[in-house]
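*Asks:* Sharing a model prediction with you, sequence too.
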Amino acid sequence: MLDAAPTRETVLEVNNIEVIYNHVILVLKGVSLTVPKGGITALLGGNGAGKSTTLKAISGLLKSERGEVTKGQILYRGENTADKDPADLVRRGVIQVMEGRHCFEHLTVEENLLTGSYTGKNRAQVAEDLEMVYNYFPRLRERRKSQAGYTSGGEQQMCAIGRALMSRPETILLDEPSMGLAPQLVEQIFEIVREVNAREGVTFLLAEQNTNVALRYAHTGYILESGRVVMEGTAQELRENPDVAEFYLGMSDKGRKSFRDVRSYRRRKRWLA
Amino acid sequence: MSDTILYAMEVTVNGLMAGVLYALVALGFVLIFKASGIFNYAQGVMALFAALTLVGIQNGQIPFAHLINAMFGTQLHHFGWKVPAVLAILLTALVMVGLAILVERYVLKHLVNQEPIILFMATIGLAYFMEGFGDVMWGADIKKLDVGIPQGMSETVDQITYNLFGYGFFIDTLDIVAAVVAVILVVTLTLFSQYSKQGRALRAVADDHQAALSVGISLRFIWVLTWSIAGFVALVAGIMWGSKSGVQFSLSLIALKALPVLMLGGFTSIPGAIVGGLIIGVGEKLFEFFIGPMIGGATENWFAYVLALLFLVFRPQGLFGDRIIERV
Amino acid sequence: MLYREAGQFKTSYRADNQTFPIRIDRIGYFVLLAVAFLVVPFFVTDYMANAVLVPFLIYAIAALGLNILTGYCGQVSLGTGGFMAVGAYAVYKLMTAFPEVNLAIHVLLAGGITALVGTAFGLPSLRIKGFYLAVATLAAQFFLVWLFNKVPWFYNYSASGMITAPDRTLFGVNIAGPATAAWAKYLFCLVFTVALAWLARNLTRGSTGRKWMAIRDMDIAAEIIGVNPLRAKLSAFAISSFFIGVAGALFFSVYLGAAEVGEAFGINKSFLVLFMVIIGGLGSIFGSFAGAAFLVVLPVVLKNILVGQLGWPTDLAAHIELMIVGALIVTFLILEPHGLAQLWRVTKEKLRLWPFPH
Amino acid sequence: MAQALPTEGWITADGRKIGPVLMEMKNITLRFGGVKAITDISFDIREGEIRAIIGPNGAGKSSMLNVISGFYVPQEGEVWFRGAKRPPMKPYEVARQGIARTFQNIALFEGMSVLDNIMTGRLTMMETNLAQQALWWGKAAREEDEHRAAVERIIDFLEIQHIRKTPVGRLPYGLKKRVELARALAAEPKLLLLDEPMAGMNVEEKEDMCRFILDVNDEFGTTIALIEHDMGVVMDLSDRVVVMDYGKKIGDGPPDEIRSNKAVIDAYLGVSHE
Amino acid sequence: QELFFPSMVYRTGPFAASGIPLADGYADYFTLLNERDGGIGGVKIKLTECETSYNTEKGVECYEGFKGQKPLLIQPNSTGIAYQLIPKVEADGLTMLTPGLGRTSVKNGAVFRNTFNFPSNYWDGASIIIKHLLAENGDDLKGKKITLLYHNSAYGKEPIRTLEELSKKHGFEFNTIPVDSPGQEQKSQWLQIRRDRPDFVIMWGWGVMNSAAIQEAANVRYPMENIYGSWWSGSENDVRPAGAGANGYKSLNMHGANGDYPIFADLTKYVKDAGKSAGAGDQIGSIMYLRGIYEGALAHLAVLKAQADNNTKEVTPAMMRDALESMEVTEEIMAGLGLPNFAPPFKATCENHGGDGYALIQQWDASAGKWNAITDWIQSDLEVIDPLVKADSEAYAKEAGITPKC
Ligand SMILES: Nc1ncnc2c1ncn2[C@@H]1O[C@H](COP(=O)(O)OP(=O)(O)OP(=O)(O)O)[C@@H](O)[C@H]1O
Ligand SMILES: Nc1ncnc2c1ncn2[C@@H]1O[C@H](COP(=O)(O)OP(=O)(O)OP(=O)(O)O)[C@@H](O)[C@H]1O
Ligand SMILES: [Mg+2]
Ligand SMILES: [Mg+2]
């Protein structure tokens, strides 16, 4: 899996950041990450661990949610991003695909994709990129003229990812790309990630719940838990860690557990006294 | 032809003209709504402010004279020069761009990603502020605005219609000028928003601030751009209405005439503004003219809204508005 | 360390559900009520009552009403002025037609009549949503004003169309008319305000309130989980209009004493009350009071400072007052988009965490 | 594909009882302008079973749930519920018949606390009138307490006690999903529709979710219709699976059968699962 | 020791354009008295402005603010505020003057004890216009069409009943067209006038409605000479925006318009040149400024009378009331103030708080940019007015439970 090994150069560095929402809710309590150039880095962790928050802190979208980085710093190619707004960062090549799709509802699928090429580029290249995205996601081609608000959940997800690809970024922050996608599409998206990464050297930082797939495609990974990094290492190391295997991959000593059995091995709570 | 029909025709034509004038104001609303999902309550005040500034510049008034006089006991009033109309219009347009920059910087920037009603409220604050500011800057007295647009009954129309029907229609020349200007504005703006990259970005921003940011659209640029254009539209509206009835506080209340137009046409549609304007203009004038006298008159205010309401019941997003997306 | 929830355990759901779960809040609330009922009446001056307290109490009722509709049920309304006019004209007709009946009853009846009118104008809300709904309410606003201006029956055929509130007494004390003492006006309004606030609180914390809020937050989902949107919206319109009608009735009979519909109940009134609700905080009872206080008191204070203390010319002061109010609205929204109520909540939350920063 | 199933139901391998048909969709067709979201689909849901609906993105699964809950009205076809044909109904009337659901794109009431959100699930059961509530008199307060107690049990069950008073807007995705489930459960439905309840969760959380679903099904005999993309979950949990593709039904049967169904593998699974 | 006068002004809001010169005139008049005469009878005047924006609620706040400071005379300058204050001043024992505005029937002093509205009221005004028209048309208006274009508010509706009475009496055809506030859009109204072709248009307008109407009239070529405005529709603000088109427009006035009144020299010397003007100082001589001067002069005369009657320099609101009730203003008195031929003579009594109903008609000369009085003082048709006043005030007395007494 580690064939397209990343260079040693670090493109993105998060140093011990602390994030507070609404002046009172402390969410990240000192998170540090280094993302190697040209690598695929996975950010794993349970609900509310702070994965999305970390990504938003990096892309600058935090401010629009009344959150702020109160401590630590984020360096992109050695430059502090604190005073940059998201548009600046996109121009510098960092783009985020937000969790929960966020398509422009009233625009058609195609228009959505075109907004991805907002920052510059000539017509010919836009057309080429559009073609590329349609080739990745044939379903979008079929639905290109529909208003994005009326497409299915999975279609919106494809649309959001395609939109990001349109901007030809050097670093993509992907927040839960697999959410709501059919299994073969999940594989397909990760294949795309790998392909774009290998062919064009695009760096990926992806927050993912689907640990199984994520660790198959990522080079390195971090595990977050309630706002702190609790484990880091290469994908291999993580996969082999027994705790990770149990809690994040759903494997027990005897191989994959059945979901039907959860009741017997998890402490069962009675809710009718 | 019977007199009634002739009168009806005359009223209709005049209604169309009035509608165009409403549309001019509505246009400013549409632009800003399209670009940010903000219902800009301050649009009327912007028209007043633009007109005040225009007259002030034309007459060489010293801005803030009253304040300065009150504070330092001086007696400043005028610079003592006159600025030609064209130059004054250009300068005013620049002032409106400056205003757009300030608004973005001190208001909008801090309210990214908020609910529409909050943004609406912020524009109300802005309206208060600008109303006070305009008065402090230029004084609250009534001012005459004259940039050389002809006014009064159009002889040509009178002649032509007299020859045709034996009854000369009344149309105000100013209205004809306004109609031409409005059509030019609508066509340009429609082309801009439909076919340019910025136009698309504009609609994207209105849908989802955060997502727009995430694809690298600079909200700052988009907002300064649209508020500048809206400021310019306000200036045009201010000139037309100001030439009609002088420049004073009530000018800002024309926003109320633009609201039904906006709702009928759809908040997001530039052509909607003009079509809505025409429907409302004709509708209310005909109603006031024929039904009004029977029920005591002064029906125009409410009739416009009732008319818009009737349309909305059948098309809840207005005639040309974007479909309201209802999904789970 | 005083402001803590810790140590105050709730042993029943009812205790957990009460309006002020924190003891110090509860005490503060009762102290406030006691002061309002037992202390203020002895000290209130004509100026305080007429320039500040009475308008504040009445606007608070209107704001509560609009908050129910807009803040809780999510239906934007710009018809408040028109509905207040319904309340005012209803009370005027009732007062002059049945002089022997108590004014308090008339005020309530006026609220009821307004509720009917409000419900009728709420019907389009089933199809029209968001800012578009404002058109329906604006139609109500302008149509009602026109109607009261046009039909002489409403103003008892007086030459100018003005309505004037006759003297009325309650327990032998004047509560309407020029001879009314400041404390009487104040108390009369206070009773209404407190009672209605209590009603509003009850309605919004129970299932009705939840229906409204569900409709507000996501009407489709609400319908799918079993809320009948027709009934939810119309009940919000009815209750809201009842409050606003009572406010209008008091506004005319107790506060102004004479009114002209276009002037006293014009579109500006609709906007003013909406501002109160938004600045105070949508969906918050406390916010309705905070917003009303802010917009009633602030101009008076500013005027007294600028003209009274600094001696500026009145017009300059008036303009600058507008600028300050505008700037403050924007500043508050930037600080806390969810209004004064939320600002207050965040402050309390900070206080709770104090002295630890988070 | 019509299989002869015992009309009275059967007993599953793990000993649960599957009853007679609860809901039947007959030849449903749903179009949006030119788009055919559902084409002539029929299937049934039996009492007490866990019925999965799977299919590629855009296949029409969510639309099907919307048809069941009355939000979309199909152009053709009939819905039968409890042995009777359902007349045209508003969604809130459907809800009152005992059908509750969760949504794919979480549809919680963002402005309310978790507790209030779950309480909305019980709205269909609350019966005090406006006046009683306004005065907060006897019945109103008592009713509130009773329902609160029921809701607290659900909160305990779903292990979300700690966020009871938090506004839902602030919650992370996974917890929102859980709250949504709680809201649906609060309605004590006969039929529970779950639209991708486990999207955006990691294995551990999915396990929790599965446990809840199984418990609900087991202890109340609640019938469950489930859309899910995690094949592990679907195959492990469900009794029968409907497979949709481009609005058409391409498979229907027990998990094992589906797993090896050629059409299903081609259209959806990609590789035979395991 | 000071004479306290509040001044309720509207220098902001929709009617600021008229409010500013009005307030300036009032203020300058008192400044003149202080500067030139050292006050009235040696007692300095303290004038405090309170901004109402022509808004009734702010008006109430102003009133409550100063009512404790023994204001000698309250001039609310707004019909809406006046209605509000009529019962209040009575209850508080204060005195109010509403010259040519407010509630017409306060003329009946037996019912409205503390409010005055001389020299003339709205109904007088309407009647004076008709009288003038009668005079112009050989005492015969039969078959003529007269249209009233009015501000759709209490103020605008005031003349309707009088005009209806008069149309019965003189046999002219009368109809009304309302214009909603603010009234900057009057297309349909003027198309209607264009169609109906009334012989005369009477306009009871206010604020921007006036200038918009005159502009539209010019546009539809309705002859300016046939339009008659009320005294609130007859200032420079109303005609200037229409430019030359407004030439020949006529309106009522309750005081003189043209002429270089001797008082101007004093105003220039003591106020303007001394840098003590309330406003920019460029309004001296404008109609609304003169109205302010007139209001000041009436207050001045009342104080003088109160001082004389009570033989004291310290005047109270109650003395002011009594003084106003027995006030008689003659040409000599006005001339003595530096305002010869400026205001109509009148005499107030206990029953008559409204004077004798005189006003004049003025006409706008656009090229010279000034108003010219074209008639002498005309007295209203009291035969018609008085019964109307009686009926309206008695209805009020009944509703409010007042027993008229004199
Ligand atoms: N806008 C906000 N305001 C307040 N709190 C927030 C906000 N957004 C997130 N949080 C809180 O921050 C914490 C981390 O949330 P975040 O969305 O980063 O988690 P996550 O790891 O992405 O979880 P998930 O896998 O469910 O998406 C959560 O506890 C959440 O309650
Ligand atoms: N209201 C609507 N208007 C127009 N098209 C719609 C509407 N609802 C759904 N569609 C279309 O119908 C098709 C089926 O959508 P649906 O949401 O049911 O898919 P799905 O099977 O749930 O997919 P996913 O797994 O991606 O959620 C899609 O192509 C979608 O674009
Ligand atoms: Mg997340
Ligand atoms: Mg779906």
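*Replies:* Right, received. Where do you want to start? Ligands and ions are numbered 1, 2, ... in the order given.

*Asks:* Check whether the closest residue to C:P337 other than its chain neighbours sits in a helix, strand or coil.
*Replies:* In this structure, C:P337 finds its nearest non-sequential neighbour in B:I118, 4.5 Å apart by Cβ to Cβ, 6 or more residues apart in numbering or on different chains. For the C-beta atoms, the positions are set from N, CA and C on the backbone; glycine is no exception. Here B:I118 is helix, with the state taken from DSSP: H, G, I helix; E, B strand; the rest coil.

*Asks:* For B:I118, give its distance to C:V330.
*Replies:* Separation of B:I118 from C:V330 (Cβ to Cβ, to the nearest Å) stands at 11 Å.

*Asks:* Over to D:V203?
*Replies:* For D:V203, the distance to C:V330 (Cβ to Cβ) stands at 48 Å.

*Asks:* can you tell me which residues contact D:V243?
*Replies:* Applying Cβ atoms under 8 Å, 6 or more residues apart in numbering or on different chains, one finds that D:V243 lies in contact with D:53-55, D:249-252, D:258, D:261, D:263-264, D:267-268.

*Asks:* Confirm that it lies within a strand, as I assumed.
*Replies:* Yes: D:V243 sits within a strand when classified using three-state DSSP.

*Asks:* so where's the stretch 1-150 of chain C uncertain?
*Replies:* In the predicted model of the stretch 1-150 of chain C, residues C:1-21 satisfy pLDDT under 70.

*Asks:* 50 instead?
*Replies:* Across the stretch 1-150 of chain C, the ranges flagged by pLDDT under 50 are C:1.

*Asks:* Mind pulling up the pLDDT for residue 122?
*Replies:* Assuming you mean chain A. As predicted, A:N122 sits at a pLDDT of 80.

*Asks:* if you could check chain D rather than the one you did, that'd help
*Replies:* pLDDT, D:R122: 88.

*Asks:* Please report the distance of it from D:P197.
*Replies:* 20 Å.

*Asks:* What of E:K46?
*Replies:* As judged by Cβ to Cβ, E:K46 and D:P197 stand 77 Å apart.

*Asks:* So if I had to pick from those two, which one is more boxed in?
*Replies:* Each of E:K46 and D:P197 has its neighbours counted (other Cβ atoms under 10 Å in any protein chain shown); D:P197 has more, 26 against 15.

*Asks:* In a strand, the more buried one, correct?
*Replies:* No: counting by three-state DSSP, D:P197 falls outside a strand, being coil.

*Asks:* From what I see, it and D:I213 are in contact.
*Replies:* Yes: counting by Cβ atoms under 8 Å, D:P197 touches D:I213, with 7.4 Å between them.

*Asks:* shared neighbours of those two, anything?
*Replies:* D:L226.

*Asks:* coming back round to it: count of residues packed around the residue nearest to C:P337?
*Replies:* When neighbours are defined as other Cβ under 10 Å, B:I118 has 18 of them.

*Asks:* Double-check it against C:I279; I have them as touching.
*Replies:* No: here B:I118 lies out of contact with C:I279, judged by Cβ under 8 Å, at a distance of 10.4 Å.

*Asks:* Please identify every residue contacting each of these two.
*Replies:* With Cβ under 8 Å, 6+ apart as the test, B:I118 and C:I279 both reach C:L333.

*Asks:* how near is the spatially most central residue of chain D to B:I280?
*Replies:* Ranked by distance to the mean C-alpha position of chain D (Cα atoms, centre = their mean), the top residue is D:L193 at 1.1 Å. Using Cβ to Cβ, D:L193 is found at 45 Å from B:I280.
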